[in-house]
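sharing a model prediction with you, sequence too.
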Amino acid sequence: MNGMQESRYMCATIAIFLFAVWSPGIAQASGNTGLSAPIVITGADRRPSLSLNGEWASIVDPYFSGLFSFHHEEKPNGWFLNRKPQPGDPFPTEYDYNKAPKLKVPGDWNTQRESLLFYEGPMWYERSFDYQPKEQTRIFLHVGAANYRSWFWVNGRKACEHEGGYTAFNCDVTPLIKTGTNVVVAAVDNTRREDNVPTLETDWWNYGGLTREVMLIEVPEAFIDQYDLHLAGSGDAIEGWVHVTRGSRSLVHVEIPELHANANTVADESGRAQLHFEAQGLVRWSPENPRLYTVTLRAGNDSIEDLIGFRTIEARGTEILLNGKPIFLRGICIHAEAPYRTGRAYSDKDAETLLGWAKELGSNFVRLAHYPHDETMLRAADRMGLLVWSENPVYWALQFDNPKVLAKAEQQLDEEIGTLRNHASIILWSMANETPNHEARTQFIETLAARARALDSTRLITAALLVRADDHTKIVDDPLGKALDVIGVNEYIGWYEQYPETADNTDWKIAYDKPLIVSEFGGDAKAGLHGDENQRWTEEYQANIYRHQLPMLNRIPQLRGISPWILMDFRSPNRVLPGIQDEFNRKGLISEQGQKKMAFYVLQKAYQERSIGKAE
């Protein structure tokens, strides 16, 4: 590690230490004096809650007139007040949630109303709920995801702001809630901007809205906000930590009743309690036996039960070891696109359908692209025994020389890891996908990798790299590979370059003595379109790509996994060919309506026969 790298690593480590101790969310929102910024809460879906899912009033506001004046100054009397006109008003009230059309939450607005399919901009949401606050109880508004920037008010008073479209956050609304009827108003803006993460261009639909569940969760005044439990090594010992907010010197108790294992410890001045205890007889989680244990955590008046599996993952030379044994990852990429109805996936049914198809394919591994997926997906992966690649939305060409963009990427990484860190299914944190090779990019992602390792040293770090070609040789030498535990590469021989049979004469030169996952390959086919195997867009052509790809990949000695692109067709505004794409990326092995294409069965056969890849 050179001096510059060491300096960046130390800065990242210090920042992460502060994050781990104090558990902050994003920076304090302007105009939100006296209120806390959103925080990360591990296991929020396991807390007592009041669901706010259902129908919300909605107002389309492309010029954001409800929040900003024509001089773009924030209005003190914006639409968040939910004001009703009064006789003698000296000004007009130009909105009315009572007469506004409804949108379902969770859900994107694009697929709920035809006129909103291509809409990008601000949208207002409003709904009321009845509530009876309890003494010595804090109330958080939990938002599974709101794409991209969002503002929340309760009873006309600002609760919080948040930036980032794919991570959960929690706003402390304790001082805003009253007995009886309450009103929550949200403004969500999915406008693409150069300094967003992801940035202006993506190859998926920019679904806007409250795309994942919304609820109120209740916790004591001092409560467990984050925790991390994992195997200490090759034995049965479990280690980790519990953080108690406002819980300095709290007694912390962790128990796994089925194993008669428990630990008692005391939080330090920062509220953090370190743990290490034996769990004799523990069965390790694996795809073959996805064993989950009920784990109870207590601190003061707070308690939470979670379902956690325990396993180890490590890289040794060119091998990936699960529970100490080499494994080959038979994978598939998945977008958070809802089967059949399309739009953003969010439900247990969505997760079980998508992951059920992956299991039917013969997969033991899924790459959840290109952003953190809903916790329902991770819960399902835990139950179903699928290993997971989870990805930060650092996609294509961000402003890598902009410190504010780095801060946004770090925030989203913090929220991803802080929320999902106890899912046994996740074995890889991915820092990025297909980013351009230059020094600013490399420094940016190296900083993220150091941050991820400091937040969670128990998983492997990867990224999906682009490759370059020299005649019939594919070369993997991106300098970012030095910062990765596992090298991911994307290539599209037979679709974006050359022909399917070009793979037969293609060799690979890998600059790193590390495990390699071919994280994307494939080509488009419209389900039901048939023809010659050399005719693009047909099922036969797509299947032919797979028939030539698999033998080529088998010639890569350090290949330890593949995740072809992609399980199911998904909406993308870049894909406009009428009668074929119709604003869908058609590289799915299954159509959005559940039709399996010929390539599905080619890959399924290879997975079932174990004819692709070696574990060692």
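Received the coordinates, thanks.

can you tell me the helix or strand for the most centrally placed residue in the chain?
In the chain, the centroid-proximal residue (CA atoms, centre = their mean) is residue 372; its distance is 0.5 Å. Taking DSSP states H and E as the criterion, residue 372 maps to no regular element, lying outside all helices and strands.

now residue 526: how far from residue 44?
In this view, residue 526 and residue 44 are 40 Å apart by CB to CB, to the nearest Å. Where you see a C-beta, it was placed from the backbone N, CA and C, and this is true even at glycine.

wait, the residue nearest to the centre of the chain sits on residue 392?
Yes - the criterion here is CB atoms under 8 Å, and residue 372 meets it with residue 392 at 7.3 Å.

which residues do those two both contact?
Any residue near both residue 372 and residue 392 by CB atoms under 8 Å, 6 or more residues apart in numbering counts here, and that gives 412, 416.

who touches the residue nearest to the centre of the chain in this structure?
Here residue 372 is in contact with 166, 167, 390, 391, 392, 393, 412, 415, 416, 419, 420 (CB under 8 Å, 6+ apart).

if we go to 7 Å?
Contacts here follow CB atoms under 7 Å, 6 or more residues apart in numbering; on that basis residue 372 touches 166, 167, 390, 416, 420.

okay, now the closest residue to residue 68 other than its chain neighbours: neighbour count?
Beyond its immediate neighbours in the sequence, the residue positioned closest to residue 68 (CB to CB, 6 or more residues apart in numbering) is residue 74, lying 6.1 Å away. Here the number of neighbours of residue 74 (other CB atoms under 10 Å) works out to 12.

what about residue 74, distance to residue 557?
Distance of residue 74 to residue 557, computed by CB to CB: 59 Å.

likewise residue 293?
Note on residue 293: its distance to residue 557, by CB to CB, is 38 Å.

before we move on, what about residue 178?
To residue 557, residue 178 is 66 Å away according to CB to CB.

can you show me the helices along the chain?
In the chain, the segments counted as helices under DSSP state H are 3-22, 348-361, 375-384, 403-420, 439-455, 539-554, 598-609.

and the shortest one, how far out from the chain middle?
Same thing as helix 375-384. Centroid displacement of helix 375-384 relative to its chain, using CA atoms, centre = their mean, to the nearest Å, is 12 Å.

swap in the last one?
Centroid separation for helix 598-609 versus its chain: 28 Å, with CA atoms, centre = their mean.

now for it, which elements pack on it?
helix 348-361, helix 539-554 (3 or more CB pairs under 7 Å, 6 or more residues apart in numbering; DSSP states H and E).

touching it from outside, list them.
Contact partners of helix 598-609, identified using CB under 7 Å, 6+ apart, comprise 330, 361-363, 525, 539-540, 542-543, 546-547, 550, 564, 589-590, 612.

tell me the residue furthest from the middle of the protein?
When each C-alpha in the chain is compared with the mean C-alpha position (CA atoms, centre = their mean), residue 88 comes out farthest, at 50.3 Å.

confidence score at it?
With respect to pLDDT, residue 88 has a value of 93.

ok, now how distant is it from residue 297?
According to CB to CB, residue 88 stands 57 Å off from residue 297.

low-confidence ranges in the protein?
Regions of the chain meeting the criterion pLDDT under 70 cover residues 1-36.

go again using 50 as the cut-off
Low-confidence segments of the chain, defined by pLDDT under 50: 1-33.

which of the contacts of residue 372 sits closest to residue 584?
Top of the list for closeness to residue 584, among the contacts of residue 372 and by CB to CB, is residue 166 at 20.7 Å.

kindly state the beta-bridge partners for residue 426.
Counting by DSSP bridges, residue 426 forms beta bridges with residue 388.

out of the contacts of residue 372, grab the one that's most surrounded.
Neighbour counts for the contacts of residue 372 peak at residue 167, which has 28 neighbours (criterion: other CB under 10 Å).

that one contacts residue 411, doesn't it?
No - the pair formed by residue 167 and residue 411 falls short of the contact definition of CB atoms under 7 Å, at 8.3 Å.

which residues are in contact with residue 517?
Taking CB under 7 Å, 6+ apart as the definition of contact, the neighbours of residue 517 are 329, 462, 486, 488, 560, 561, 562, 563.

how does it look with 6 Å?
Each residue near residue 517 by CB atoms under 6 Å, 6 or more residues apart in numbering is listed here: 488, 561.

and what of residue 209?
Shown here is residue 209, whose contacts under the criterion CB under 6 Å, 6+ apart are 108, 109, 188.
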